[in-house]
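Participant: How does the following fold in three dimensions:
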Amino acid sequence: MSNSDSSRIVDLMYNNDAFSKWLGIERIEEREGYCKLKMTVRSEMLNGFGIAHGGITYSLADSALAFASNGHGIQSVSIETVISHLKKVNLDDTLFAEAEEISLSSRIGIYDVRITNEAEETVAIFKGTVFRTGRRWLNDDK
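Facilitator: Alright, predicted model coming up:
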């Protein structure tokens with residue numbers, strides 16, 4: 001599969017993903033097993049402590065996981081995820097999520113996602129496991 005095919009798949013996913021759009025996610029790079037995303041924290045994303053709700057970094061990482069794992073052309077869904085929050089995230093912080101494939105078999109993929117801020121500090125680490133359904137995204141896949 002080519003990088004352009006991976007981008008076509010992420011186009012299909014993103015265009016139907018109202019939540020990722022609400023987050024303001026920008027796609028920086030995607031290819032088989034890899035994705036890098038960017039977003040900025042807005043006021044409606046803050047919790048009662050005045051910092052970003054943990055679900056914001058989790059959701060950014062989850063989108064990166066989805067785009068990276070589906071970039072192979074096989075529809076893949078998360079079956080297990082975990083996140084560790086390392087630093088607080090503030091209003092107007094720009095966040096980056098970089099998902100990298102660690103292991104891939106015919107049915108299971110494992111990914112690490114590192115979430116950093118504009119100062120290149122790691123604010124969270126996310127690990128995701130996906131189930132590969134065997135269904136193809138594109139009819140022209142072989």
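
Participant: How much space separates Leu46 from Gly54?
Facilitator: For Leu46, the distance to Gly54 equals 11 Å [C-beta to C-beta, to the nearest Å]. From N, CA and C alone the C-beta is placed, and that goes for glycine too.

Participant: State the pLDDT value of the closest residue to Glu29 other than its chain neighbours.
Facilitator: Taking C-beta to C-beta, 6 or more residues apart in numbering, and ignoring the residues beside it in sequence, Glu29 has Lys36 as its nearest neighbour in space, at 4.5 Å. We note a pLDDT of 98 for Lys36 in this prediction.

Participant: higher neighbour count, Leu46 and Gly54?
Facilitator: Leu46 (16 against 13; other C-beta atoms under 10 Å).

Participant: Specify the beta-bridge partners of the more buried one.
Facilitator: On the basis of DSSP bridges, Leu46 is bridged to Ala52.

Participant: In this structure it contacts Ala52, no?
Facilitator: Yes - counting by C-beta atoms under 8 Å, Leu46 does reach Ala52; the two are 6.2 Å apart.

Participant: any residues in contact with both of those two?
Facilitator: Common neighbours of Leu46 and Ala52 (criterion: C-beta atoms under 8 Å, 6 or more residues apart in numbering): Leu91.

Participant: Next secondary structure element downstream of the helix or strand harbouring Thr57?
Facilitator: Using DSSP states H and E, the element containing Thr57 is helix 54-70. Sequence order places strand 74-85 as the next helix or strand after helix 54-70, per DSSP H and E.

Participant: Can you list the buried residues in that following strand?
Facilitator: The neighbour-count check on strand 74-85 (16 or more other C-beta atoms under 10 Å) flags 74-76, 81, 83, 85 as buried.

Participant: Same list, those residues, but as TSV with pLDDT and distance to Phe126 please.
Facilitator: TSV is the format used below for those (pLDDT from 0 to 100; distance: C-beta to C-beta, whole Å):
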residue	pLDDT	distance to Phe126
Ile74	96	21
Gln75	97	21
Ser76	98	16
Thr81	98	7
Ile83	98	4
His85	98	10
